[in-house]
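please work out how this folds:
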Amino acid sequence: MTSPVRRSAAPVLLVLLLVFSSSVSAWKKEEFRSCKQTPFCKRARTRAPHSLPPFSVSDVSLSDGSVSGRLVPSPSIRQVTDEDPSADAAVDDTAQRPLLFRLSVYHGGILRLEIDEDPSSAPTPKRRFRLPDVLLPDLEDRRLWLPRLSSPSGVAATSFYLADGFEGILRHDPFEIVVRRTGSEGEPVLSFNSHGLFDYEQLRAKKEGEDWEENFRSHTDSRPHGPQSISFDVSFHGANFVYGIPEHASPSLSLRPTRGSGVDESEPYRLFNLDVFEYLHDSPFGIYGSIPFMLSHGTRSTSGFFWLNAAEMQIDVLAPGWDDSAAPNAGRVDTFWMSEAGVVDAFFFVGPGPKDVLKQYASVTGTPAMPQEFAVAYHQCRWNYRDEEDVAAVDAAFDEHDIPYDVLWLDIEHTDGKRYFTWDRTLFPHPEEMQKKLAAKGRHMVTIVDPHIKRDDSFHVHKEATEKGYYVKDASGKDFDGWCWPGSSSYSDMLNPEIREWWADKFSYKNYVGSTASLYIWNDMNEPSVFNGPEVTMPRDAIHHGEVEHRELHNAYGYYFHMATANGLVKRGNGKDRPFVLSRAFFAGSQRYGAIWTGDNSADWDHLRVSVPMILNLGLTGMSFSGADVGGFFGNPEVDLLVRWYQLGAYYPFFRAHAHHDTKRREPWLFGEENTALMREAIHIRYSLLPYYYTLFREAATSGIPIMRPLWLEFPADKETYDNSEAFMVGSSLLVQGVYEKNQKSVSVYLPSGASWFNLRNGVKYDGGVLLKLDASEDSIPSFQRAGTIIPRKDRFRRSSTQMVNDPYTLVIALNGSLAAEGELYIDDGKSYDFEKGAYIHRRFIFANNKLTSIDIRPSTAGEKKFSSDCTIERIILLGLPSGAKKAVVAPGNHEMNIELGPLTLRKGSKPIALTIRKPNIRVADDWSVRIF
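Prediction:
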């Protein structure tokens, strides 16, 4: 949820009235800073290419297998202007201090660039903040030891090995880094500072009479360490489009240009985690999370760039011709990166394929955590289910209407006065019994735990945090006191590992009284949201562990909170059970700790449409386990919008319905039987596909490849897919096209070239590389299975996913032109970490030469533990098989079976249209074959 109407300061009564007011209002632009109101952004954005005094490279050497040296600033003095008042720093000797750099190469085609100030000549004791705990701890073990450096003939430069087919070039004067292909032509892939926009405002002593304060509305930022911004340009060569750097709402999958020829006045893409009330559906403005990772794609290759920095960032995507309108450079995308603080700690990913880049990024920041299986199913949420009776009634109504669900959520009103880890004992007098009743049906509960702690001396969490000194401090050194849901609140300093451990302990059954093993957690408001703070967040001059200013780690605060909460659930289960924690704020690496969602969206068709590119960009930047509030958080959706949202949301990796407390109740059975049936069918589709989704989550957890994928990730050579924002792939096998308009009569679907496609509603086969126009059916949205794939399903519907564990499987085989297909199925116990010790089943199904074969692909080195299953294959559906096939022989045993027509799905009224082998009675865990005659 998000905050109500805000004020920068108010008496207690007024704030509480505002907090609990039932009125809502639209996003207030004036509450948030634009680039022109942000001095470091305004300064940097006015600079023309090559207008800054350049840096040159000196003292290049190999040190511990990496390239190191100094960046020496030019003695030229930049002219002071109204647009760039910081230029007067150039008259100070401290601005001419050399910087230190280091270039390191890592296995798999990764180049790391680090630039920092030289501490030996620092004029102040302050050191720049380097963000800990984000990079994988074994990263340095994968660093390559460079044996030698080379000097290309005819230029002042240093070259070094990067990966097979790639090399790094360090140009000395002016300073520039180029990643290029090896060979006579040396085709560039990525370059840094090619336009001479690298600038590094070094820390310095304050001059007498100098004013470093910044003001925004009624707030003053003391800026005790002065200007310390960094900016530079990065070029993606051979690129048609760039993607990533969430989180922003946009109907465009690719990042549209923000500056340059043909671009209207626009803001840069902002990365600054904020609680944005009713965010706009099309804006570069930053919202709840930030991942400073951008990737490019073109017909030639894919590449990526990641800047490890948690300070505010602003990024321009520059239109062709931005630097010279008379000679726009096609086939290259230039970008301009600006940050308020931090250091340069940047990674270049060479690809060359799309999935190569995602794997390279995952090797640096980690792959998504493997979730419990229940978390992949359907979640029902509302602000708020009133009491235990309401919970029981909602739970019973799902059963009454034959709609499965796995998780019921409780928002802030379940607590005792917004004191987290407590229960309102009037409304929820028996929380353990309530959870156990859900658990008896295989269901779970999630409660909300936000970072703001109510300042109440009778509240044990606040009392303990105060006594231990565990709160973030304000600029004066006192515990920071801001306003959020409880009123006066303070915030734990999650940068401190000791405090994260203390927070984790709060989730034990002893400390969280009323919690059970079936209870999981939701972290909201962790940007952090501060109702009376500047831009509704914590002041930048607040102080964290180690004298780190909040400005330096702002975008990672929610990351640390998510980390501590997830670790708390792991500790609660003695390291045996996988946690489930949903977080609104996120940063690079958040994928290791749980799921996120796109925040407080609105019940309108535009927000339905933008949910797809938002989730796709999250997946491209590591956050595979993500979704959008089905139905929209704010407002009351029209019934047809709600139905279409369920039909689309059933394919999100994270599938949850949620709504604001001012909205009308909208559980699926409240809109008449016809609409209930449509929403039930959408949820049933998700449950039938759970084996496929769980297998994809396993792939994501081992490779970093997302569950929900842009079309171009699977079809990188098809230009028609590069900016398709309305359709997506689920894994490599399933294509889904949303319906995004009210009363839409038809829908256009582009089927990528290089494959044929089977309509999963009627089994009709289509060639790829064509734009289809289909009727917009009321009962479903278009979905297609790619020829050459096998999708596992479970078609028996239960109350929850946990009750489907022993149910049989269906295999849907879509044959390609060679009458061949492949697919995989991953199974484990769905909850523990035993899979890390080898306790899982991993099968590959191969259809070739009229024979379906199941083989074990679990490596022998997986571990000593085993996992067994007695589940069988119930049906084998064959799409694209010539109609002459009549018999099948199952081995071992040589049992002969008939092939007959059957329904493609078990949807009511489905006709027998697909060749089907019924009840072959083969165990999913065994080796077997089925030969077709």
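
what strand or helix carries residue 391?
helix 388-400 (DSSP states H and E).

tell me which strands the helix or strand where residue 811 lies pairs with, and in which orientation.
Element membership of residue 811, judged by DSSP H and E, is strand 809-814. Paired neighbours of strand 809-814 in the sheet (DSSP bridges): strand 789-793 (antiparallel), strand 872-879 (parallel).

how about JSON lines for these, with mean neighbour count added?
(Each C-beta comes from the backbone N, C-alpha and C, glycine too.) Shown next, in JSON lines, are the strands paired with strand 809-814 (neighbours: other C-beta atoms under 10 Å):
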{"stretch": "strand 789-793", "mean neighbour count": "24"}
{"stretch": "strand 872-879", "mean neighbour count": "23"}
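
which of those sits closest to residue 581?
strand 789-793 (27.8 Å; C-beta to C-beta).

circling back to that earlier point, touching the very next helix or strand once past the helix holding residue 391 from outside, list them.
Sequence order places strand 407-410 as the next helix or strand after helix 388-400, per DSSP H and E. With contact meaning C-beta atoms under 8 Å, 6 or more residues apart in numbering, strand 407-410 is reached by 374-375, 377-382, 384-385, 391, 394-395, 428, 438, 443-448, 520, 522, 656, 658.

which of those residues fall in strands?
Taking DSSP state E, the ones among those that sit in strands are 378-380, 444-448, 520, 522, 656.

which of those sits closest to residue 299?
residue 656 (37.6 Å).

show me what the closest one is bridged to.
residue 379.

one more: residue 597?
Beta-bridge pairing for residue 597 (DSSP bridges): residue 627.

just to revisit the earlier point, give me the buried positions along the strand holding residue 811.
Applying a neighbour-count criterion of 16 or more other C-beta atoms under 10 Å, one finds 809-814 buried in strand 809-814.

present the residues you listed as a markdown table; the columns should include pLDDT and distance to residue 847.
Listed next are the buried residues of strand 809-814 as a markdown table, based on pLDDT from 0 to 100; distance: C-beta to C-beta, whole Å:
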| residue | pLDDT | distance to residue 847 |
| --- | --- | --- |
| 809 | 98 | 15 |
| 810 | 98 | 15 |
| 811 | 98 | 9 |
| 812 | 98 | 11 |
| 813 | 98 | 5 |
| 814 | 98 | 10 |
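
and the strands in the stretch 751-900 of the chain?
756-759, 765-767, 770-775, 783-786, 789-793, 809-814, 821-827, 841-848, 851-856, 872-879, 887-891, 895-898, 900-903 (DSSP state E, counting those that start in this stretch).

quick one: the fifth one to strand 851-856, angle?
On the basis of axes from the mean of the first three to the mean of the last three C-alpha atoms, to 10 degrees, strand 789-793 is oriented at 70 degrees to strand 851-856.

how far off centre is strand 789-793?
Centroid separation between strand 789-793 and its chain, computed with C-alpha atoms, centre = their mean, to the nearest Å, is 26 Å.

which of the ones in strands among the contacts of strand 407-410 lies closest to residue 175?
residue 522 (46.4 Å).

now do the closest one against residue 847, distance only.
Applying C-beta to C-beta, to the nearest Å, the value for residue 522 to residue 847 is 43 Å.

please apply the same query to residue 396.
44 Å.

who has more neighbours out of the two?
Neighbour count, other C-beta atoms under 10 Å: between residue 396 and residue 847, residue 847 has more, with 26 against 10.

do you know the pLDDT at the more buried one?
pLDDT for residue 847: 98.

A helix includes residue 720, no?
Yes - per DSSP: H, G, I helix; E, B strand; the rest coil, residue 720 lies within a helix segment.

how far away is it from residue 753?
From residue 720 to residue 753 the distance is 8 Å (C-beta to C-beta).

low pLDDT regions in the stretch 301-450 of the chain?
326-327 (pLDDT under 70).

where do the helices sit along it?
Along the stretch 301-450 of the chain, counting by DSSP state H, counting those that start in this stretch, helices occupy 354-365, 388-400, 431-439.

contacts for stretch 480-491 next, please.
3, 10, 12, 15-16, 19, 412, 417-419, 450-456, 462, 465-466, 471-474, 479, 525, 528-533, 538-539, 542.

can you give me the end-to-end span of it?
7 Å (C-alpha to C-alpha, to the nearest Å).

got the buried residues for it?
If you call a residue buried by 16+ other C-beta under 10 Å, then stretch 480-491 has these buried ones: 480, 482-491.

average pLDDT for it?
pLDDT averaged over stretch 480-491 gives 98.

do stretch 744-761 as well
Averaging pLDDT along stretch 744-761 yields 97.

buried ones in it, by neighbour count?
747, 749-752, 755-761.

make CSV out of those and add distance to residue 502.
Shown next, in CSV, are the buried residues of stretch 744-761 (distance: C-beta to C-beta, whole Å):
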residue, distance to residue 502
747, 53
749, 52
750, 52
751, 54
752, 51
755, 53
756, 57
757, 54
758, 54
759, 55
760, 50
761, 53
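
low-confidence stretches in the chain?
For the chain (pLDDT under 70), the answer is 1-27, 76-95, 184, 326-327.

residue boundaries of the helices in it?
Per DSSP state H, the chain carries helices over the ranges 12-19, 39-45, 354-365, 388-400, 431-439, 460-468, 497-505, 550-553, 557-572, 605-620, 639-649, 673-688, 690-703, 711-714.

possible to save the ones you listed as a markdown table with distance to residue 732?
Below are the helices of the chain laid out as a markdown table (distance: least, C-beta to C-beta, whole Å):
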| stretch | distance to residue 732 |
| --- | --- |
| helix 12-19 | 47 |
| helix 39-45 | 40 |
| helix 354-365 | 10 |
| helix 388-400 | 33 |
| helix 431-439 | 35 |
| helix 460-468 | 46 |
| helix 497-505 | 37 |
| helix 550-553 | 38 |
| helix 557-572 | 29 |
| helix 605-620 | 14 |
| helix 639-649 | 20 |
| helix 673-688 | 19 |
| helix 690-703 | 9 |
| helix 711-714 | 5 |
